[in-house]
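*Asks:* just to be clear, the model below is a prediction. Sequence and coordinates:
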Amino acid sequence: MTAPKPKPQSFTDVIALWPLIRLFAEDVGVSATRAYQWQARRKIPSSQWDAVIEAARHYHGVALSRADFYGFETAARRLKQDAA
């Protein structure tokens, strides 16, 4: 039996659930180019949150919610403001 995966704390952590960005893209239903853009921006567009949440649950057994994603977005925004 495998150990449960820790709950992601950021969009980067969510994407990292998949061993390859190409697999993430396939499971979420977007192009690999699009997935690489999300990875580089460290952000997943809100229009894709439901697909990513479902893929994380289905393929990795990780329960996420839109509230988690709002939290990731808020934390990223704070870090960006603090860096400015």
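*Replies:* Good, I have the coordinates. Numbering: from 1, shown residues only.

*Asks:* packing partners for the longest helix anywhere in the chain?
*Replies:* Counting residues, the longest helix found in the chain (DSSP state H) is helix 66-83. The contact analysis (3 or more C-beta pairs under 8 Å, 6 or more residues apart in numbering; DSSP states H and E) places helix 66-83 against helix 11-15, helix 49-60. Backbone N, C-alpha and C define where each C-beta goes, glycine included.

*Asks:* what packs against the last one?
*Replies:* Packed against helix 49-60 by the contact rule (3+ C-beta pairs under 8 Å, 6+ apart) you find helix 21-28, helix 66-83.

*Asks:* poorly predicted segments of this protein, please.
*Replies:* 1-4 (pLDDT under 70).

*Asks:* give me the residue at the spatial middle of it.
*Replies:* In the chain, the centroid-proximal residue (C-alpha atoms, centre = their mean) is residue 14; its distance is 3.3 Å.

*Asks:* distance of that residue from residue 84?
*Replies:* Relative to residue 84, residue 14 is positioned 25 Å away (C-beta to C-beta, to the nearest Å).
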